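Chemist: Attaching a predicted model along with its sequence, questions to come.
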Amino acid sequence: MKNAVTESYDDLNHRELFEIAYHTCNSVTMRCISLKLSQDVNKGGSKAILYSQKKTFTHIEALDDFLKITLYYNDGNADKLINNTQPLIRSRKDKWVSKKREIKTQILKNFIVQRKLDECANFVMIREISRKVYFAIGDARESAAVVPMFMEAQGASLVQLALNKWMSAAQRLPPEEKYPASHVPGILKNLMQIKKWVLNLISNNLDK
């Protein structure tokens, strides 16, 4: 079964609304299994597929005239899209317009950190080669390091230490071999803790 909603861009560009929708649909228990970003922030083409442990798929697509979110499900999750997700996206759209440009820029950079963490978690779960895991962790760490909103938040130093730890561990592994199964539970647990922290940081600043 599936259900879908659409949302107009109004005063936001295509990338801004896509990022807000990606974040709003996302959660600690979800993983991004597919992502494509349009090179032009003012045009459609960005797409993402999120998969949850409840065996639901959320397809987010920035079309030229509106953003579309489609939920594929096997149980009663359809109401959440209409009753919770869409109203929250609309509320965040309204608040986004009044935010200062510097705050918007920092939130957008935090969205990048969120997506990099999702990429890293997906690489670990499918046991990609260690080199890709290493660079995904590094991208998340470096993306966060240039965002004052991130680095000045309580707990940021612990997050960076954890990322450094797993990056160093990945660096010691054979780069072209699959990420070892023995490492998966530990890094996934830590990545989910970090993701929860990042999701809360972004939501708190989006909802102000």
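Modeler: That came through fine.

Chemist: Counting by contacts, list what the top helix by length along the chain packs against.
Modeler: Using DSSP state H, we find that the single longest helix of the chain is helix 101-125. When contacts are defined as 3 or more C-beta pairs under 8 Å, 6 or more residues apart in numbering; DSSP states H and E, helix 101-125 packs onto helix 14-25, strand 30-36, helix 130-145, helix 148-151, helix 184-206. C-betas here are computed from N, CA, C, even on glycine.

Chemist: residues in contact with that helix?
Modeler: Helix 101-125 is touched from outside by 15-16, 19, 22-23, 26, 31-33, 35, 96, 99, 132-133, 136-137, 139-140, 143-144, 146-150, 179, 183-184, 187-188, 191-192, 194-195, 198-199, 201-202, 205-206, with contacts defined as C-beta atoms under 8 Å, 6 or more residues apart in numbering.

Chemist: what do you get if the cut-off is 7 Å, keeping everything else the same?
Modeler: For helix 101-125, contacts defined as C-beta atoms under 7 Å, 6 or more residues apart in numbering pick out 19, 23, 31-33, 35, 96, 132-133, 136-137, 139-140, 143-144, 146-150, 179, 184, 187-188, 191, 194-195, 198-199, 201-202, 205-206.

Chemist: tilt between that helix and helix 14-25?
Modeler: Following axes from the mean of the first three to the mean of the last three C-alpha atoms, to 10 degrees, one obtains 60 degrees for the angle between helix 101-125 and helix 14-25.

Chemist: circling back to that earlier point, now the contacts of helix 101-125: which count as buried?
Modeler: Members of these that pass the buried threshold by neighbour count (16 or more other C-beta atoms under 10 Å) are listed as 19, 23, 31-32, 35, 96, 132-133, 136-137, 139-140, 143-144, 147, 149-150, 179, 187, 191, 194-195, 198-199, 201-202, 205-206.
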